[in-house]
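S.K.: Predicted structure and sequence below. I'll ask about it afterward.
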Amino acid sequence: MACFLVPMAFGIMTTAFGKKASAKLHMNWLNMLLWGGVIGLALEHVAHKEIIFTPPFLTAASSWSDATVMFKEMATIGTAMLVGIVAVWAVMVIVYNRFIDPSRAKNLA
């Protein structure tokens, strides 16, 4: 329904404030993971007619009982997706900074 809104909100924040973070954090990787997932899920939701192009845009927001289900899904599935994306990004950054970073290789030689 609207689970992609949780990673989208985080993606907006990391896009806006990511430039202030250290280059070693590779915030562009996190943004690519977030926005790729958001766009893919949004397209899937459009294909299944869960997102429409007339208000209220989300079919689950048409009634209060459907909206409560949508908010529960955002809290559970959306948060789990966000945690998964951040975990994958964290592993990528750790592996790159520890084993692949060319600047470290020069210092070790």
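M.R.: Thanks, I have it.

S.K.: Surely His45 and Val38 touch.
M.R.: No: judged on CB atoms under 8 Å, His45 makes no contact with Val38 at a distance of 10.4 Å. Any C-beta I mention is one placed from the backbone N, CA and C, and that applies to glycine too.

S.K.: Those two: which has the busier surroundings?
M.R.: Val38 (21 against 18; other CB atoms under 10 Å).

S.K.: quick one: the more buried one from Ser62, how far?
M.R.: 22 Å (CB to CB, to the nearest Å).

S.K.: who touches both of His45 and Val38?
M.R.: Common neighbours of His45 and Val38, using CB atoms under 8 Å, 6 or more residues apart in numbering, are Phe4.

S.K.: What are the boundaries of the helices in this protein?
M.R.: 5-17, 27-47, 64-73, 79-95, 102-108 (DSSP state H).

S.K.: Would you reformat those as CSV and include distance to Phe57?
M.R.: As requested, the helices of the chain are exported to CSV (distance: least, CB to CB, whole Å):
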stretch, distance to Phe57
helix 5-17, 11
helix 27-47, 10
helix 64-73, 12
helix 79-95, 20
helix 102-108, 46
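
S.K.: which one of those has the lowest average pLDDT?
M.R.: The weakest mean pLDDT among those belongs to helix 102-108, with a mean of 62.

S.K.: Residues in contact with stretch 25-37: which ones?
M.R.: 4, 7-8, 10-11, 14-15, 18-19, 21, 81, 85-86, 88-89, 92-93, 96.

S.K.: so what's the backbone phi/psi at the residue nearest to Leu41 when sequence neighbours are not counted?
M.R.: In space, and not counting its chain neighbours, Leu41 is closest to Phe4: 3.8 Å by CB to CB, 6 or more residues apart in numbering. Dihedral pair for Phe4: phi -70, psi -10, per degrees, to the nearest 10.

S.K.: how close does Phe4 get to Ala23?
M.R.: In terms of CB to CB, Phe4 sits 28 Å off from Ala23.

S.K.: Settle it for me: which of these two has more neighbours?
M.R.: Phe4 (25 against 8).
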